[in-house]
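Visitor: predicted structure and sequence below. I'll ask about it afterward.
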Amino acid sequence: MRSEESARRRFLKSAGAGFAGGALIGLPHAVAAEEAQSAGKLVYEVTAFGAQGDGRAIDSPAINRAIEEAATAGGGTVYIRAGNYLCYSIHLKSKVAVYLDEGATIIAADPSSDATRGYDLAESNQPWESYQDYGHNHWHNSLIWGEGLERVSICGPGLIWGKGLSRGWGTGPKAEQPGVANKVIALKNCRNVLLRDFSILHGGHFGILATGVDNLTIDNLKIDTNRDGMDVDCCRNVRIANCSVNSPWDDAICLKSSFALGYARATEMVTISNCLVAGSYEEGALLDATFKRFASDFKVPRTGRIKFGTESNGGFQNIAISNCVFEGCNGLAIESVDGAVIEDVSVTNITMRNVIGAPIFLRLGSRMRGPEGAVIGVLQRVNLSNMTCSVAPGRRISSIVAGIPGHPIEDVKLSNIIIAHQGGGTKEDAQLQLPEKEKEYPEPTMFGTTPAHGFFIRHAQQVELVGIKIQHASEDLRPSFVVEDVQGADFSRIKVPSTAGVPTFALSNVKDFSVRHSQPVPDTEIASATKREI
């Protein structure tokens, strides 16, 4: 080991740093450096460019010099050895890899009183800025950013701590103030990007904001943060895998398709697999593996979920989510409210514990934040299967599939799903008539308590539920299923509790309804019903 360490030091000293592409990943550093040297690829160690790594000096100028030197040479790896590197904006470049070694921490400095010496200024995104929130309109006001790049990577087991970043609201620096940053990593219009193995603590408004990034891989990250974990917006061919995100105050993994690029662009060909999303742990408790939960009386929204898309101009197509764990957070949300077409979505092998609110939320609305002339979107061909959900005590909100009048959600199949909740719904709850709220921000809580305890389905066509089991810990006097303005509703192998005087199904304006092989109701087919209970 000593000889390897000595070889590594000699090489780094003679080369002025160290490697390119992904050569260091998974190899002893000295061996990787020697292979990189023999291949004619350079490693640029930031201390050779003046970085101190002492947690006091501002090291971003030195890191930027190393990145620029690597880019000028045609590519290479900027190597950040163990140390604490206090930084303002770091500028990524094409064909440059940044490698964070074990023990290396990039720390977002507190905003400077002199804005010209702080983070890069937020660039203008006019005339599109009114179509999405402030944070989605700017990329340069970030700790690490790149625009119009290709073949870029940030890898290694180190940490990025967004200590001095704005979270966009609440206490702390204001994101709109010059010299303030609100994102750890921001990428715009980039190609062939790899983010792997590092951790993010306290990421500000976004741990990662990727807009218009194609061929994007996000692998084996741990993010423990005070707002969104990662937002993937208007991106194509994205692989998110093996990531753990604790984001109690906002979403963990969020797909969006905003108008921030100046045109409607779909987020498509995306897989999310083998990930943990959580909202019940104190910030930092994921990274140190203590998994300390918030006190029961601590007020925190515990959002922490997988969601798309509250920014929904361009649409979502060809999305697959699998083998993910939800813990102490909101459930799965699939939403189109700004004209997006959402289609061909598959979600399978999901477990949820201590879910806050609706385990499943499918929403088609008409907020229509975007240029004039856009039409209401479409939500169709969605397949959700093999899910288990336990709902935390509190709100009495069922799973929801809700379009709006004249714009139904279409072709949805829900299969092999178990949902356990606390019960407690009353007869008064069962009589609730939920408002449409067509133009409101989409959230599972937007309707309040639901008149069903299993599924509330409204304004939909060709909905199939197979192998659904609903359990409640205490008596619930609401129907298991409320079905309103639905054409083509097919239920089979349904198992729900039976309560005297409480129907399993409450139907309103329903056509082509059927239920088979289900408990506790007999097989039934209904061609048309204005009002009926089963």
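Guide: Nice, thanks for sending it over. Remember, it's a predicted structure, so these values are computed and weren't measured experimentally.
Visitor: going by C-alpha atoms from here, please, whenever you check contacts or count neighbours.
Guide: OK.
Visitor: show me where the stretch 1-150 of the chain has helices.
Guide: 2-15, 29-38, 60-72 (DSSP state H, counting those that start in this stretch).
Visitor: ok, residues contacting the last one?
Guide: Read that as helix 60-72. By CA atoms under 8 Å, 6 or more residues apart in numbering, the surrounding residues in contact with helix 60-72 are 42, 44-47, 49-51, 76-78, 85-96.
Visitor: buried ones among those?
Guide: Buried members of these, counted by 16 or more other CA atoms under 10 Å: 42, 44-47, 49, 51, 76-78, 85-96.
Visitor: and the residues you listed, which of them are in strands?
Guide: Per DSSP state E, strands hold the following members of the buried ones among the contacts of helix 60-72: Y44, E45, G76, T77, V78, Y85, L86, C87, I90, H91, V96.
Visitor: how near is the last one to T105?
Guide: Here the distance between V96 and T105 works out to 19 Å (CA to CA, to the nearest Å).
Visitor: for the first one, same thing?
Guide: Taking CA to CA as the measure, Y44 falls 17 Å from T105.
Visitor: same thing with the third one?
Guide: Using CA to CA, one obtains 21 Å as the distance from G76 to T105.
Visitor: same deal with the fifth one?
Guide: Between V78 and T105 the distance is 14 Å, computed by CA to CA.
Visitor: so how many other residues sit close to R532?
Guide: Number of residues near R532 (other CA atoms under 10 Å) recorded here: 14.
Visitor: what's the answer for S199, then?
Guide: 24.
Visitor: residue contacts, it?
Guide: P157, G158, L159, I160, L221, K222, I223, D224, L287.
Visitor: switch to 7 Å and redo it
Guide: G158, L159, I160, L221, K222, I223 (CA atoms under 7 Å, 6 or more residues apart in numbering).
Visitor: what of A489?
Guide: Q462, V463, E464, D512, F513, S514.
Visitor: now flag whichever of those residues is closest to Y119.
Guide: Nearest to Y119 among these is V463, at 50.1 Å by CA to CA.
Visitor: that closest one is in contact with L414, isn't it?
Guide: No. V463 is beyond contact range of L414, at 8.1 Å (criterion: CA atoms under 7 Å).
Visitor: the more surrounded of those two?
Guide: V463 (22 against 19).
Visitor: okay, and for this protein, where does confidence drop off?
Guide: For the chain, applying pLDDT under 70 flags the ranges 1-41.
Visitor: centre-most residue in it?
Guide: Central residue of the chain (CA atoms, centre = their mean): I253, 1.3 Å from the mean position.
Visitor: what sits opposite that residue in the beta ladder?
Guide: M230, I306 (DSSP bridges).
Visitor: does Y441 count as helix, strand or coil?
Guide: Of the three states, Y441 takes coil according to DSSP: H, G, I helix; E, B strand; the rest coil.
Visitor: neighbours of it, just the number please.
Guide: 15.
Visitor: repeat for F298
Guide: Neighbour tally, F298, other CA under 10 Å: 8.
Visitor: you'd agree it is in a strand?
Guide: No. Under three-state DSSP, F298 falls outside any strand and is assigned coil.
Visitor: return the distance of it relative to Y281.
Guide: In terms of CA to CA, F298 sits 11 Å off from Y281.
Visitor: in the stretch 101-250 of the chain, which spans are strands?
Guide: 104-108, 144-147, 150-155, 159-161, 183-188, 191-196, 199-201, 206-211, 214-219, 222-224, 228-233, 236-241, 244-246 (DSSP state E, counting those that start in this stretch).
Visitor: of these, which is nearest P442?
Guide: Here strand 228-233 is closest among the strands of the stretch 101-250 of the chain (CA to CA), at 16.7 Å.
Visitor: just checking, what packs against that closest one?
Guide: strand 206-211, strand 253-257 (3 or more CA pairs under 7 Å, 6 or more residues apart in numbering; DSSP states H and E).
Visitor: so which of those is the most packed in?
Guide: With neighbours defined as mean count of other CA atoms under 10 Å, the helices and strands packed on strand 228-233 peak in mean count at strand 206-211, which reaches a mean of 28.
Visitor: gap between that one and the chain center?
Guide: Remark: strand 206-211 is offset 10 Å from the chain centroid, using CA atoms, centre = their mean, to the nearest Å.
Visitor: who does that strand pair up with?
Guide: strand 183-188 (parallel), strand 228-233 (parallel).
Visitor: can you redo those as TSV, where the extra columns are mean neighbour count and distance to V375?
Guide: Listed next are those as TSV, based on neighbours: other CA atoms under 10 Å; distance: least, CA to CA, whole Å:
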stretch	mean neighbour count	distance to V375
strand 183-188	27	27
strand 228-233	28	20
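Visitor: how about the ones you listed in TSV, adding distance to S508?
Guide: Below are the strands paired with strand 206-211 laid out as TSV (distance: least, CA to CA, whole Å):
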stretch	distance to S508
strand 183-188	47
strand 228-233	38
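Visitor: count of residues packed around I107?
Guide: 26.
Visitor: my bad, should have said P371
Guide: The burial count for P371: 15, using other CA under 10 Å.
Visitor: can you give me the end-to-end distance of stretch 361-381?
Guide: Terminal-residue distance, stretch 361-381 (CA to CA): 15 Å.
Visitor: let me fix that, I meant to ask about stretch 257-276.
Guide: 23 Å.
Visitor: begin at 497 from now on, thanks
Guide: Noted, 497 is the first residue going forward, which turns the last one into stretch 753-772.
Visitor: now what about it, what contacts it?
Guide: With CA under 7 Å, 6+ apart as the criterion, stretch 753-772 contacts 624, 627-628, 632-633, 729-741, 752, 805, 807-822, 866.
Visitor: export the strands of the stretch 597-746 of the chain to a markdown table and append columns for distance to N826.
Guide: Formatted as a markdown table, those follow (distance: least, CA to CA, whole Å):
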| stretch | distance to N826 |
| --- | --- |
| strand 600-604 | 29 |
| strand 640-643 | 29 |
| strand 646-651 | 30 |
| strand 655-657 | 25 |
| strand 679-684 | 23 |
| strand 687-692 | 26 |
| strand 695-697 | 21 |
| strand 702-707 | 18 |
| strand 710-715 | 22 |
| strand 718-720 | 17 |
| strand 724-729 | 13 |
| strand 732-737 | 20 |
| strand 740-742 | 12 |
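Visitor: fine by me, we can end here.
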